[in-house]
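Engineer: The following comprises the amino acid sequence and a computationally predicted model.
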Amino acid sequence: MVFQSKIKTIHWDNNTSEIIDQRLLPYEFKTINIKTCEEMYIAIKDMIIRGAPAIGIAGAHGITLAAIELSKKFPSKDEFLKELNKKAQHLKSSRPTAVNLMWAIDKQMNLAQSTRGSINEITAALIENAIKMENEDIEINKKIGDYGASIVPKGAVILTHCNAGALATVGYGTALGVIRSAFAKDPTIKVFADETRPRQQGARLTTWELTQDGIPTTLITDGMCSYFMSKGMIDMVVVGADRIASNGDSANKIGTYTVAIAAKYHNIPFYIAAPTSTIDISIKTGKEIPIEERSHEEVTHINGDWICAKDVDIINPGFDVTPNELITGIITEKGILKPDFKESIKRINKL
Ligand code: MRU
């Protein structure tokens, strides 16, 4: 039995990009068609689409939309490429932490610059490649799922943080891909999902997609994880990543670092599941990863209502960095990387 999430988070559709509006979940399921690069910039910035691999593909689609727009305005190829590059820089600035966004935009820009022929031929090549990258993302996640499933113990209870699922990718998911593949082999596995304050991606998105696949899921608040670990109720942790440095230090949703420390203390294996496009070999350690500071309203409000004193100070980093010594392994589409990550990342990068 193979479990396949039916969810397709982003899809190239007749010269538009159709995306699920994740701000509305789990209350309402609605897709919207993004028609311009600027609309895609806003969709990424406002987290209509979110999750590292998903915003990578959104970036690839965004550049393709830009090419379609610019091809109508700029007959000169040099001007067209110059303007496309400006759009690429702007799109990259929509969110700073997930490197998949920069990776996908750079891939499209390299293709645009290296394609011989007319502007229309460049645009056609970008469309073809955007669709290819979209399809490859699902294939990559299934490989991550297969590798990950091979190390999940029978009947395991797996803790996950945030949403690294079908909704954070084109489909299937990275951490939740591991869970889907493991559940297909062993329907006795169970999931504990952290709520993930402040935006509650765990509560709103992870529980929504896992329960649709019939995977037994228990929602807990972020502060509860060490309590359940101390009771022997968690067997392993699998989370996603937004950027992995050359030494294995991994940025993921704020709160992941706390989970990793608790897992180490309780001797519970802690795995990252991520495609190799999340590895940023240009940086040596996690200290170089830019951390997004998000709106203070995410902390001061829940569902539009104030939850604190109005004159309190707020700070709201969207991500934290888990140091490599807390990570048991990094599950990628090319295999499971083990410490020393500097060496295993170097090796995998050559494959
Ligand atoms: O702010 P978000 O919702 O985009 O953060 C998402 C995460 O932190 C995910 O865990 C990460 O992008 C990996 S998704 C496969």
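Structural biologist: Happy to help now that I have it. For clarity, every value in this text was computed on a predicted model and none was experimentally measured.

Engineer: hey, let's count contacts and neighbours off CA atoms from now on
Structural biologist: OK.

Engineer: roughly how far is the lengthiest helix in the chain from the heart of the chain?
Structural biologist: Counting by DSSP state H, the longest helix found in the chain is helix 119-149. How far helix 119-149 lies from its chain's middle: 15 Å, per C-alpha atoms, centre = their mean, to the nearest Å.

Engineer: Report all helices and strands that that helix contacts.
Structural biologist: Counting contacts by 3 or more C-alpha pairs under 8 Å, 6 or more residues apart in numbering; DSSP states H and E, helix 119-149 is packed against strand 10-13, helix 52-71, helix 99-114, helix 175-185, strand 329-332, strand 335-337.

Engineer: Name the residues of that helix that are buried.
Structural biologist: Going by neighbour count (16 or more other C-alpha atoms under 10 Å), the buried part of helix 119-149 is 119, 122-127, 129-131, 133-134, 137-149.

Engineer: can you redo the helices and strands packed on helix 119-149 as CSV with mean pLDDT, distance to residue 226 and mean neighbour count?
Structural biologist: CSV is the format used below for the helices and strands packed on helix 119-149 (pLDDT from 0 to 100; distance: least, C-alpha to C-alpha, whole Å; neighbours: other C-alpha atoms under 10 Å):
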stretch, mean pLDDT, distance to residue 226, mean neighbour count
strand 10-13, 97, 35, 20
helix 52-71, 98, 26, 28
helix 99-114, 98, 30, 20
helix 175-185, 98, 20, 27
strand 329-332, 98, 20, 27
strand 335-337, 98, 26, 18
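
Engineer: Can you tell me how far residue 329 is from residue 250?
Structural biologist: Per C-alpha to C-alpha, to the nearest Å, residue 329 is found 11 Å from residue 250.

Engineer: list the contacts for the closest residue in space to residue 83 that isn't next to it in sequence?
Structural biologist: Nearest residue to residue 83 in three dimensions, chain neighbours excluded: residue 70, at 7.5 Å (C-alpha to C-alpha, 6 or more residues apart in numbering). By C-alpha atoms under 8 Å, 6 or more residues apart in numbering, the contact set of residue 70 is 80, 83, 84.

Engineer: about what we covered before: can you redo the helices and strands packed on helix 119-149 as TSV with distance to residue 288?
Structural biologist: As requested, these are arranged in TSV below (distance: least, C-alpha to C-alpha, whole Å):
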stretch	distance to residue 288
strand 10-13	30
helix 52-71	18
helix 99-114	12
helix 175-185	24
strand 329-332	19
strand 335-337	21
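
Engineer: Out of these, which gets nearest to residue 346?
Structural biologist: Residue 346 lies closest to strand 335-337 among the helices and strands packed on helix 119-149, at 10.3 Å (C-alpha to C-alpha).

Engineer: State the mean pLDDT of the helix or strand just after the closest one.
Structural biologist: The C-terminal neighbour of strand 335-337 among helices and strands, as given by DSSP states H and E, is helix 341-349. With pLDDT averaged residue by residue, helix 341-349 scores 95.

Engineer: And for stretch 73-84?
Structural biologist: pLDDT averaged over stretch 73-84 gives 97.

Engineer: what separates that stretch from the chain centre, distance-wise?
Structural biologist: Centroid separation between stretch 73-84 and its chain, computed with C-alpha atoms, centre = their mean, is 32 Å.

Engineer: Could you do stretch 192-209 as well?
Structural biologist: 14 Å.

Engineer: which residues sit against that stretch?
Structural biologist: Here stretch 192-209 makes contact (C-alpha under 8 Å, 6+ apart) with 5, 22, 25-26, 157-167, 217-222, 225, 234, 254-255, 298-299.

Engineer: and if you look at stretch 19-37?
Structural biologist: Residues from elsewhere that reach stretch 19-37 (C-alpha under 8 Å, 6+ apart): 8-11, 15-18, 40, 47-50, 62-66, 69, 87, 91, 167, 204-205, 208.

Engineer: Next: stretch 283-295.
Structural biologist: Contacts of stretch 283-295 with the rest of the structure, by C-alpha under 8 Å, 6+ apart, involve 95-97, 243-251, 315-323.
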